[in-house]
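Trainee: model this:
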Amino acid sequence: MPRRDPAQRLATPAAGEARRISPPRLSPDSFGRFAEGIARYLGTAKFLIIQTFVIVVWILFTELVFNFDKYPYVLLTLALSMQASYAAPLILLAQNRQEDRDREALERDRDDARRTQQDTEYLARELASIRIALADVATAEDLERSLERILDANGAARKKAKKKKRLDDAALDDPPHQQTSLGPAGPDNEEDDSDEPASPS
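Mentor: So this is what the prediction gives:
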């Protein structure tokens, strides 16, 4: 199909369908909110009091003032039955919307419970892994025993070093002939040498 010039296309009116005039669409959500409002109002004490007052006024007016609706009260019965026929579907619609909301809330609660269970299981696994890791970690008692062994070994080494130093000092202070005659110098030999009187020169 050959394309027309834009100027000719704009100058030629479009041969489309005739416009239909339709009433604005009422969304299901807005109608549902309206039904819930009516259902809530029908379930109040205010509506019951007003309806009772209207029925009493209707009966008194027809009996005392203007007798347009005789005793079986056909018009009143018709009005009340029409009200009930409209109120019942509105109440059912409100109940259906409430059930939908309850179902959505239940689904959300179920999802929250599932996430909470998953988080709890994850924390339980983490705690188990931490316990396993802490089983190989040294405790305070282990550290105290190791420190005591180290301190005992260090004290014994210091005693040995001090004793060896005293023996070396004593060996350096004594002359060589005393070392050969008296044997190796020791703390006991030093005390014996100090007790002997010095020989006259």
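Trainee: in whatever helix or strand Arg166 lives in, which residues are buried?
Mentor: Per DSSP states H and E, Arg166 falls inside helix 140-173. Using 16 or more other Cβ atoms under 10 Å as the test for burial, helix 140-173 gives Ala170. Glycine gets a C-beta too; all of them are placed from N, C-alpha and C.
Trainee: could you give me the average pLDDT of it?
Mentor: Helix 140-173 comes out with an average pLDDT of 83.
Trainee: ditto for stretch 89-104
Mentor: What stretch 89-104 shows for mean pLDDT is 89.
Trainee: hey, C-alpha coordinates of it in PDB?
Mentor: Taking Å, rounded to 0.1, in the frame of the first residue of the first chain, the C-alpha atoms of stretch 89-104 are listed here in PDB:
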ATOM      1  CA  PRO A  89     -25.900  -9.100  48.200                       C
ATOM      2  CA  LEU A  90     -24.100  -6.100  49.500                       C
ATOM      3  CA  ILE A  91     -23.300  -7.900  52.800                       C
ATOM      4  CA  LEU A  92     -22.100 -11.000  50.800                       C
ATOM      5  CA  LEU A  93     -19.900  -8.800  48.700                       C
ATOM      6  CA  ALA A  94     -18.400  -7.200  51.800                       C
ATOM      7  CA  GLN A  95     -17.900 -10.700  53.300                       C
ATOM      8  CA  ASN A  96     -16.100 -11.800  50.100                       C
ATOM      9  CA  ARG A  97     -13.800  -8.800  50.200                       C
ATOM     10  CA  GLN A  98     -13.100  -9.500  53.900                       C
ATOM     11  CA  GLU A  99     -12.300 -13.200  53.000                       C
ATOM     12  CA  ASP A 100      -9.900 -12.000  50.300                       C
ATOM     13  CA  ARG A 101      -8.100  -9.700  52.700                       C
ATOM     14  CA  ASP A 102      -7.900 -12.500  55.300                       C
ATOM     15  CA  ARG A 103      -6.500 -14.800  52.700                       C
ATOM     16  CA  GLU A 104      -3.800 -12.300  51.700                       C
END
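Trainee: longest helix anywhere in the protein?
Mentor: Among the segments of the chain that qualify as a helix by DSSP state H, the longest is helix 74-135.
Trainee: what's that one packed up against?
Mentor: Applying 3 or more Cβ pairs under 8 Å, 6 or more residues apart in numbering; DSSP states H and E, we find helix 74-135 packed against helix 28-42, helix 45-60.
Trainee: one more pass at 7 Å, please.
Mentor: helix 28-42 (3 or more Cβ pairs under 7 Å, 6 or more residues apart in numbering; DSSP states H and E).
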